[in-house]
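what follows is a predicted structure for the sequence shown.
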Number of protein chains: 2
Amino acid sequence: MSKPSAVKTRILQVASRLFYKQGYALTGVNQLIEEAAIAKASFYKYFPAKSDLLYAYVLEKDKAWFAALEEKLSLQKTAKDKILGIFDFRLERQDEQDYGGCAFVKLSAEISADDQAVSELIRQHKVRLQNRIVDLLGQHEVATGVSVHKEVLGQTIYFLMEGATVDVRIKKKRDSLVQAKKIVGTLLY
Amino acid sequence: MSKPSAVKTRILQVASRLFYKQGYALTGVNQLIEEAAIAKASFYKYFPAKSDLLYAYVLEKDKAWFAALEEKLSLQKTAKDKILGIFDFRLERQDEQDYGGCAFVKLSAEISADDQAVSELIRQHKVRLQNRIVDLLGQHEVATGVSVHKEVLGQTIYFLMEGATVDVRIKKKRDSLVQAKKIVGTLLY
DNA sequence: TATTAAATAGACAAGTCTGTCTGTTTTTAT
DNA sequence: ATAAAAACAGACAGACTTGTCTATTTAATA
């Protein structure tokens, strides 16, 4: 596996920042190459179309997101603390990102529904998150001996997390995620 | 209060459809006037800038949203049924809108954070929704004699509703809102 | 019916956008 | 050191964007 060139990496870094801050549509190729300090020809060498960058951006973001999450969760011992750790993970990120909400949800809202490739990546990302929660609930069950309806409780926690993250963006406050974490804490033994 | 001209009304109708389907940025003034079958000069007479239409659109949408909600809720007798009725209301709308999610959340994700006027309208819309839920919980409390922590339960239901609606868009399925309604049903006596 | 207001069609300016292409310079590898 | 590859700067085409403006036609009102 050949390592990506420095130029390609820089494009993806700048894209990640600008797509989140301004949105995909409002971020032009000219601004991208300007801020990444690269030539236009280099851009179109690695990404034949702007939409190719979008796809690569989501793919990369998804990988990085879960890698960072798992690193954070590895600091927690119990399954319950890991579940609550997801909230802390998202809180930290929101603190660093001016409470702009979830990048994937933002993108989902922006792109047209017929961009199937990207929509599917986003869908898979959220499915993975939901599965991870259910997975942790299974571990929690084993550890505590208390049986729960994993699927339903997992969905409850997932909805609370997503709803709170949307609310963080709308209210521009971290409180919503803090509250949701508290609520989830009361749902777990 | 002078009634709005037919032209202005038609612009707002077309804008509502296109802003939701394509997004604000991707909907050009030329397409708007084309589909509304009006002259460009007429458009700029009523909306000196495209952003003025955006603001009017959100204002109008907010009014219409709550009016339609209250009409729907008036069919329900108990406070509990009214709370669950909000889910039915949103389900109906999503069924009619190809599971595109909440128009306000979509817009919040698309517009830049420094569009303060529109951001504030969206924030107020969601605050109103949350308040309505808490209000209904108060009525529920009186009716059943069961005391609950209205604020926390209200926030829980609100998060579940918003999270499920986001999930409807991402998964392109109504199930999420159906599930969330079920969950909320178990939370209420 | 005459006058005023409102809506029409559509050209146009000035700027943006994506994507292509030419030619030069820098880096890498043999 | 020489040859090949990669990155550079930047002009350019063509299509879009918002917003203005002219000139004509339709509709409402006195």
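Done, it's in.

from chain B, how far out is residue A:56?
Counting by C-beta to the nearest C-beta, to the nearest Å, the gap from residue A:56 to chain B is 20 Å. For the C-beta atoms, the positions are set from N, CA and C on the backbone; glycine is no exception.

wait, what's in contact with that residue?
For residue A:56, the residues meeting the contact criterion (C-beta atoms under 8 Å, 6 or more residues apart in numbering or on different chains) are A:12, A:47.

which helices and strands does the longest helix seen in chain A pack with?
Counting residues, the longest helix found in chain A (DSSP state H) is helix A:116-144. Applying 3 or more C-beta pairs under 8 Å, 6 or more residues apart in numbering or on different chains; DSSP states H and E, we find helix A:116-144 packed against helix A:50-73, helix A:79-96, helix A:103-110, helix A:150-171, helix B:150-171.

burial measure for residue A:178, as a count.
Residue A:178: 15 surrounding residues under other C-beta atoms under 10 Å in any protein chain shown.

again with the one 5 residues further on
If you count neighbours by other C-beta under 10 Å, residue A:183 ends up with 20.

outline the domain layout of chain A.
A:1-48, A:55-187 (automatic domain parsing).

where does chain A dip in pLDDT?
Under the criterion pLDDT under 70, the flagged ranges of chain A are A:1-3.

tell me which parts of it are close to chain B?
When proximity is defined as C-beta under 8 Å from any C-beta of the partner chain, chain A approaches chain B at A:22-23, A:25-26, A:98, A:100-101, A:105-110, A:112-113, A:119, A:122-123, A:126, A:152, A:155-156, A:158-164, A:166-167, A:169-172, A:176, A:179-180, A:183.

can you flag the buried ones in the residues you listed?
Neighbour-count burial (16 or more other C-beta atoms under 10 Å in any protein chain shown) applied to those gives A:23, A:100-101, A:105-110, A:119, A:122-123, A:126, A:155-156, A:158-164, A:166-167, A:169-171, A:176, A:179-180, A:183.

still on that earlier bit, ranking the domains of chain A by burial, who's on top?
Ranked by mean neighbour count, these are led by domain A:55-187 with a mean of 18 (mean count of other C-beta atoms under 10 Å in any protein chain shown).

report whether that one contacts DNA strand C.
No: looking at domain A:55-187 against DNA strand C by C-beta under 7 Å from any atom of the strand, there are no contacts, and the closest approach is 12.2 Å.

how about the residues of chain A near DNA strand D?
Selection of chain A residues close to DNA strand D by C-beta under 7 Å from any atom of the strand yields A:5-7, A:37-42, A:45.

roughly how far is the longest helix of chain A from the heart of the chain?
Taking C-alpha atoms, centre = their mean, to the nearest Å, one finds helix A:116-144 lying 12 Å from the centre of the chain it belongs to.

thanks again, I'm all set now.
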